[in-house]
Structures are given as structure tokens and as C-alpha cells.
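In: have a look; sequence and predicted model below, questions after that.
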Amino acid sequence: MRKLRKRGRVYNRFFTEELWEQVNPENKRIMNDFLAEYRQQKKSAGTITQYAADIRIIFIYILKELDNKCILELNRKDFRGMSLYFSDDCNMSANRVNRIKSTCNSMLTFCEYDDDYDYEVNQSKKVKGIAKEVVKDNDDDFFFTFDEFMKVRDILVERGDLQLAVLWSLSFDSAGRRNEIAQVEKHGLLDGNKTNIVIGKRGKKFPLIYLDDTKELIRRYLEERGDDDIDSLWINVVGGVKRPVTSETLYYRIVKISHILSEVKGVECNIFPHTIRHSRLECLSQGTDTRLLDEDGKPIKYPLDQIQVFAHHSDIGTTQGYLKNHDDETIDAMFGFAT
């Protein structure tokens, strides 16, 4: 009879209270914030416990092997080394290593979209899983297409949820972060194609932009909303009383759209505010937005330096990290290989 592994064996091999006391306090704060987010999402107690155990293993590894750095400072090479360490030095199964990696991806994706953290690109996601085993991470950012964006927007409009359609459309057009979108005021939105000045990461100040079809959606939404003395574009109505909403509420409204995108794509998927940002920049890079045409009537494919300016990135490498890797497609095109 095959001997069963004792539950918790891997965890107990790494974790001691003495080591945990030495872990970088910033890493502990990130873990606490991440787990609090998942509790608010009503994840099961078992799921939360497993995430906590995996994260403690990750942070103790960083303590022992990477000078106890903050996890947000690690690069792709660091995450690759961590996976190899667990696999080769600790003889963990590929499934176990990839599950720890999936937990790491989820936590860093949380840091990407949370405005409390100055973190732009999840370096852990750039490292492939051990032995080519695919682990589906429910928080894994992926890219939806321009056509899928339009289909989701059409569904929201057909359902009469104009405010959610505006949130979806403005978020995509502007590639705005959640906190930036939350600052948008209703005044003057029909006068042009720019919002009021918002404050982004590192204190940068700029307006968000949107296209004419989004402006038409805004017009319809404001007409339906009627007069009120609330400056914010985003409101909630309870018992006939209008109130402005928080950026956290906008986050959950975006997540709510996941089931509509799942219907459009035909597969279960989750989206977050940063998913929209990634997909928008990829769309501009590949020239798939049929609303933006050149003088010959063809969709414009924007260069990386222009996308960097649009995304308000200080480093062009950050912008590159938002986009898909198209190296294989480029090489195939060079030599005329069929794809």
C-alpha cells in the first residue's frame, strides 16, 4: 500500500515561530492585506488557511535566500530561483511548487491593482510553472480582445445598466487605474474627451481620456441619472437616496462583470481593474481598436513610446511588461511559417 504523506509536512519543514519573527514586516503587511481582501470576498476558511501557509513558506524562503527583501523588489530571476529551489533542493512535486507559485501570483496581482502599493508589473507571472504544468490562477491577469470588450459593453447597455457600461467603457478607453477612475467627476464630461484632473501613482496629475462613443454612453447615463448635487460620476441609489461610492465599490463592480465576459469568451474567467489596463495597452500596441483609424481607414498600431506616455509610466520597461510577448509570431512572420 502506498504510504500517504502527512498533511502539513512541507509546511512544517519550513515554518518556525523563530523564523517568522524575523520576516520582513512589509511582507507580513502585504500578506495581511491580501488575506483580508480574500476574507471580504468570502473565500472559504480552508482556502484562506492554505494561502496563509503557502505565503509563509514564500516569505521564509525570501528571508533565508534573498536577504529578507520586500517581495515587491524581487525580479523574474528571483522568482525562477524560488521555484527551482522548492523543486530541486526541497524535492517538492511540480504540482506543489506550482500551487505555491499560483499563491504568489495571486498576492502580487492584488498588489498590482491595490492603490496602497506602488507596484506595476507582476514579475512572478513571467516565470513558467515547473514541468510545463499549468496551474490556473483565479487572479491571473489575462488579456481580453477589443471585440470582447465591445460585446460586454453591448450586453451591459442592453440590460439597462448604463452606469456599469460607462465604468467598463471609460476604464478601457483611459486604461485608468481604479483609484484614478474613482476620482472622475461628472462636470464637463460632455464638453470634450478628457475628464477632470486626477492624481495617479507617485502624485502624477493628468486627465483621463475617452472616445466619442463612450461620451455618448456618459450622456445617456447622466440623462437617466437626473439632477443631483453629487460631483462624482459614480453613485449608488439606496431607498431613492443617491450617494457617491468608494473606489472599493468600483473594484467590486468591475469584478461583477467577470460573469458577462465569461459568457462572451465561453470559459470561466475573472477580471480586475488591472486586467482592463493590461488589455487596453495591448489593444493599442496591436492596433485592434477599430474606433481609432489612420488616414487610410486602418486601425492605428501605436508605438511603445507613445503607449508609455499614455499609461503615465516613468520607465518604458514597465510599459513593455504590460504587453503580451509576440516573439514567436514575429519570428514566424519573418520566415513565412504557418501559425
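Out: Nice, thanks for sending it over.

In: quick one, phi psi at Ile235?
Out: phi -140, psi 170 (degrees, to the nearest 10).

In: quick check: it vs Thr275, distance?
Out: Remark: distance between Ile235 and Thr275 (C-beta to C-beta, to the nearest Å) = 24 Å. Yep, even glycine has a C-beta here, placed from its N, CA and C like the rest.

In: of these two, who's got more company?
Out: Shown here are Ile235 and Thr275; by other C-beta atoms under 10 Å, Thr275 has more neighbours (26 against 16).

In: so how far is Arg159 from the residue nearest the centre of the chain?
Out: Most central in the chain under C-alpha atoms, centre = their mean is His274, positioned 3.0 Å from the mean C-alpha point. Distance of His274 to Arg159, given as C-beta to C-beta: 25 Å.

In: now the element after the lowest-mean-pLDDT helix or strand in the chain, going C-ward?
Out: Lowest by mean pLDDT, DSSP states H and E among the helices and strands of the chain is helix 9-14, with a mean of 59. Following helix 9-14 in sequence order, the next helix or strand is helix 17-22 (DSSP states H and E).

In: what's next to that following helix, contact-wise?
Out: Contacts of helix 17-22 with the rest of the structure, by C-beta atoms under 8 Å, 6 or more residues apart in numbering, involve 56, 60, 63-64, 68.

In: one more: stretch 64-75?
Out: Residues from elsewhere that reach stretch 64-75 (C-beta under 8 Å, 6+ apart): 19, 22-24, 26-27, 30, 58-59, 62, 78, 81-82, 85, 104, 107-108, 111, 117-119, 123-124.

In: any chance you could map the helices in the stretch 151-300 of the chain?
Out: Along the stretch 151-300 of the chain, the segments classed as helices by DSSP state H, counting those that start in this stretch run 162-174, 178-182, 212-225, 247-256, 258-265, 273-286.

In: model confidence over the third one, on average?
Out: What it means is helix 212-225. If you average the pLDDT over helix 212-225, you get 98.

In: quick one on the thing from earlier: and the helices of the stretch 151-300 of the chain: which comes nearest Val241?
Out: Closest approach to Val241 among those (C-beta to C-beta): helix 212-225, 13.3 Å.
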